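A.B. asks: Structure, please.
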Amino acid sequence: MLELETKTFEQKLPELLTMDTGKYVLIKEDKVIGVFVAIEDALIYGYEKYLDQPFFVREVLPVQEPMDFTSHYQFF
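C.D. replies: Okay, the predicted model is just below:
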């Protein structure tokens, strides 16, 4: 899941690091949708815009830590 978004992130990371280190990038498919100061803002925007569709949010850092989170949760 989110293979295209992960690939897009890896391709865009050098560019993102020049201006957005420490911020959070939201990616949908092969497009950078936005960069946010707080992860909460990125997640809220993603949930409002994409509802129940998966999207990718990751902190822009030179060294990436593994994450075990997906936006594709169902809330009851």
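A.B. asks: The residue nearest the centre of the chain: what secondary structure?
C.D. replies: Against the mean C-alpha coordinate of the chain, by CA atoms, centre = their mean, the closest residue is V57 at 1.9 Å. Recorded secondary structure, V57: strand (DSSP: H, G, I helix; E, B strand; the rest coil).
A.B. asks: That one contacts Y45, doesn't it?
C.D. replies: No. Between V57 and Y45 there is no contact under CB atoms under 8 Å: 9.1 Å. In this view, the C-beta of every residue, glycine as well, is placed from N, C-alpha and C.
A.B. asks: Overlap of the contact sets of the two?
C.D. replies: L26 (CB atoms under 8 Å, 6 or more residues apart in numbering).
A.B. asks: T8 touches D30, doesn't it?
C.D. replies: Yes. Applying CB under 8 Å as the test, T8 and D30 come out as touching, 4.9 Å apart.
A.B. asks: The two - which one has more neighbours?
C.D. replies: Using other CB atoms under 10 Å as the criterion, T8 and D30 rank with T8 on top: 19 against 11.
A.B. asks: in the sheet, who's paired with the residue nearest to the centre of the chain?
C.D. replies: Counting by DSSP bridges, V57 is bridged to L26.
A.B. asks: Below-threshold pLDDT in this structure: ranges please.
C.D. replies: Along the chain, segments meeting pLDDT under 70 span 67-76.
A.B. asks: let's see 80
C.D. replies: 64-76 (pLDDT under 80).
A.B. asks: Which stretches in it count as strands?
C.D. replies: All strands of the chain, identified by DSSP state E, fall at 24-28, 31-36, 56-59.
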